[in-house]
Each structure stands twice: as C-alpha cells, then as structure tokens.
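A.B. asks: sequence first, then the predicted structure, then my questions.
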Amino acid sequence: MAHERPNFSRIASENEQAAEQALARGDFVEAYLRVHALMEGLLRLFLRIPDGDEVSFNQLIQRYQAHLEEVRYTVPSFMHELMQLHRRRDQIVRHLWQEGLSSTNSATEAAARAAVAMCGLFIDWLVSFDPEIGAEDGGGDGG
C-alpha cells in the first residue's frame with residue numbers, strides 16, 4: 001500500500017497560526033521555536049528527505065544551498081535568514097537555562113515577530129519551486 005503524503009499545506013497553516021497565536025499571547029519563545037520546527041519540516045519536505053533520516057538543521061541548510069546551486073539559482077535566497085534563524089534558536093535555548101523563561105521570552109519578542117513573518121515568505125518561496133507544498137489536497141478523501 002502506498003504511503004499517503006500528509007496534507008502539508010494544512011499542517012503548515014496550523015503551525016503558522018499556532019505561532020501567530022503564541023505571539024498574540026506574548027509567548028515569544030514558543031512562537032520562535034514553532035517557526036524553527038516548521039522551517040525544518042518545510043526544508044525536509046522540499047528536499048525530499050525521508051522521515052527518520054538523521055539530518056541536522058545545519059545540514060538541511062547546506063543541502064538547500066546545494067539545491068539552489070544545482071538549479072543555477074544565482075541569488076542564495078533565504079540562506080542568511082535560515083542560518084540566523086538557527087543560530088538564534090540555539091541562543092534562545094541556552095538562555096532559557098541561563099536566564100529563565102521570563103527574561104528570555106521578553107528578549108525574544110523582536111526575533112519571534114521577524115521569524116513568523118519570514119516563515120510565510122519562505123513558504124511562498126518554496127511553493128514557487130514546488131507547487132505541491134502549497135497544495136490543499138494532500139492526497140486526501142476530498143471532504
């Protein structure tokens with residue numbers, strides 16, 4: 001039996017909404033970490049990395065860069081943003097244990113707002129390469 005591809009458009013939308021709701025509640029650490037997880041999932045989907053393959057976020061960024069080079073895309077779109085997203089996520093996790101949630105959360109507000117905005121742009125960017133990522137019919141039952 002063929003494995004049915006999940007409806008990634010729905011999954012991405014739900015996670016984007018959850019990150020936006022976290023922003024609205026003032027849970028900036030949660031919003032940032034949700035965006036990071038969503039971006040990792042998007043990269044895995046776009047690069048067609050099977051579930052269960054142990055690939056770090058840095059390796060995903062390297063594979064994404066290699067893909068852009070392979071298709072001769074001259075502008076390394078989102079490379080800097082992805083590296084900064086991951087670097088900042090590592091800092092946030094460290095600060096959670098060094099400074100606690102309250103201090104880390106307030107210091108994360110600007111980064112969380114930028115990450116949520118960037119995530120939507122990145123999804124639109126990936127859909128321009130792979131329209132299946134934005135497809136609403138994840139091989140489902142039609143209703």
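C.D. replies: That came through, no problem. Residues are numbered from 1 along each chain as shown.

A.B. asks: can we go C-alpha only for contacts and neighbour counts from here?
C.D. replies: OK.

A.B. asks: now the residue positioned nearest the centre of the chain: how far from V75?
C.D. replies: Centroid-nearest residue in the chain, with CA atoms, centre = their mean: M39, separated by 1.1 Å. To V75, M39 is 19 Å away according to CA to CA, to the nearest Å.

A.B. asks: cool, R63 as well?
C.D. replies: Separation of R63 from V75 (CA to CA): 15 Å.

A.B. asks: okay, those two: which has more neighbours?
C.D. replies: R63 (16 against 9; other CA atoms under 10 Å).

A.B. asks: need the strands for the chain, in chain order.
C.D. replies: In order along the chain, the chain carries no strands (DSSP state E).

A.B. asks: low pLDDT regions in it?
C.D. replies: Scanning the chain for pLDDT under 70 picks out 1-7, 134-143.

A.B. asks: and A18, what does it touch?
C.D. replies: Residues in contact with A18, defined by CA atoms under 8 Å, 6 or more residues apart in numbering, are 31, 34.

A.B. asks: actually F46, not the one I typed
C.D. replies: F46 neighbours (CA under 8 Å, 6+ apart): 126, 130, 133.

A.B. asks: burial count for the second one?
C.D. replies: In other words, D130. 13.

A.B. asks: so which residues of this structure form helices?
C.D. replies: 8-25, 28-46, 57-70, 79-99, 101-107, 109-129 (DSSP state H).

A.B. asks: can I get the second one as CSV, trimmed to CA atoms?
C.D. replies: In CSV, the C-alpha atoms belonging to helix 28-46 read as follows (Å, rounded to 0.1, in the frame of the first residue of the first chain):
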residue,chain,number,x,y,z
PHE,A,28,7.6,34.7,22.1
VAL,A,29,9.9,31.7,22.9
GLU,A,30,7.1,29.4,21.9
ALA,A,31,6.4,31.3,18.7
TYR,A,32,10.1,31.2,17.7
LEU,A,33,10.5,27.5,18.4
ARG,A,34,7.3,26.7,16.5
VAL,A,35,8.6,28.6,13.5
HIS,A,36,12.0,26.8,13.7
ALA,A,37,10.3,23.4,13.7
LEU,A,38,8.1,24.4,10.8
MET,A,39,11.0,25.7,8.8
GLU,A,40,12.8,22.4,9.4
GLY,A,41,9.8,20.5,8.2
LEU,A,42,9.5,22.7,5.1
LEU,A,43,13.1,22.1,4.2
ARG,A,44,12.8,18.3,4.8
LEU,A,45,9.7,18.3,2.5
PHE,A,46,11.2,20.5,-0.2
